[in-house]
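Peer 1: Fold the following for me, if possible:
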Amino acid sequence: MEAFRVIVSGFGGQGVLLVGQILAYAGMFSGKHVAWIPSYGAEMRGGTANCSVIISEGEISSPLVEKADALLAFNGPSLEKFEPSLREGGLLLMNTSMVTGEPRRRDVRSFGIPANDLADRLGNSRVANIVMLGALAELEPVLSFESIMEAMRMVLPERHHHLLPLNQEALKAGAESIKEGVGV
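Peer 2: Numbering: from 1, shown residues only. Okay, here's the model as predicted:
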């Protein structure tokens, strides 16, 4: 695949933009071209937030994502709003801890990830976004886990580097949920 296009969406405070930044930096560390466009409502927490990321082998002519290869929907309104933006055969990851409805599309690969529940088991609900990222990395290995961890070291402020082991466990939990069929 020459370019991989992702939309990440949820409420403000769920770490949506952070996941986008991590994807973009991991792509750069892997020698790829990247584009990252954040979008968020006026509220810092509780409002809508989404971002689009393109990871490409070649130059990116437009940073806009019209048809995504993958959608990470962290809540129900995000699923409703962005599901139509997913290309046929694309990958839909839903945080089933927050999404109660079913996807409408039958022409995409859908996986429900209980991201908040898995994050709670790790002892910190704030890593649910990284659980989702781990599931994406397992299903679409566009980026290595190593490049994702390197990106986290870059994106997270130094004062939060003590959380890197927890984030690594969250990545693994997301990947394991796919391997074990938890996220199916």
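Peer 1: tell me, what residue is most central in this protein?
Peer 2: Nearest to the mean C-alpha position of the chain, by C-alpha atoms, centre = their mean, lies residue 133 at 4.4 Å.
Peer 1: Can you tell me, leaving aside adjacent residues, what's nearest to it?
Peer 2: Spatial nearest neighbour of residue 133, excluding adjacent residues (C-beta to C-beta, 6 or more residues apart in numbering): residue 19 at 5.3 Å. Where C-beta positions appear, they are placed from N, C-alpha and C, glycine not excepted.
Peer 1: hmm, back to that, the residue nearest to the centre of the chain is in contact with residue 22, isn't it?
Peer 2: Yes: using C-beta atoms under 8 Å, residue 133 makes contact with residue 22 at a distance of 6.6 Å.
Peer 1: Now do the shared contacts for these two.
Peer 2: Taking C-beta atoms under 8 Å, 6 or more residues apart in numbering as the contact rule, residue 133 and residue 22 both touch residue 148.
Peer 1: Can you name the residues in contact with the strand or helix carrying the residue nearest to residue 133?
Peer 2: Under the criterion of DSSP states H and E, residue 19 resides in helix 16-29. Contacts with helix 16-29, where a contact means C-beta under 8 Å, 6+ apart, come from 6, 8-10, 33-36, 38, 40, 49-53, 55, 72, 74, 129-130, 132-133, 142-144, 147-148, 150-152, 154-155.
Peer 1: Could you do stretch 111-118 as well?
Peer 2: Under the contact criterion C-beta under 8 Å, 6+ apart, stretch 111-118 has outside partners 74, 91-99, 125, 128-129, 131-132, 135, 139, 170, 173-174, 177-178, 182-184.
Peer 1: In this protein, what residue spans correspond to helices?
Peer 2: Ranges of helices within the chain are 16-29, 76-82, 115-121, 128-139, 145-155, 164-179, based on DSSP state H.
Peer 1: would you list these in TSV and tack on distance to residue 60?
Peer 2: Compiled in TSV, the helices of the chain are given as follows (distance: least, C-beta to C-beta, whole Å):
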stretch	distance to residue 60
helix 16-29	10
helix 76-82	20
helix 115-121	28
helix 128-139	19
helix 145-155	18
helix 164-179	26
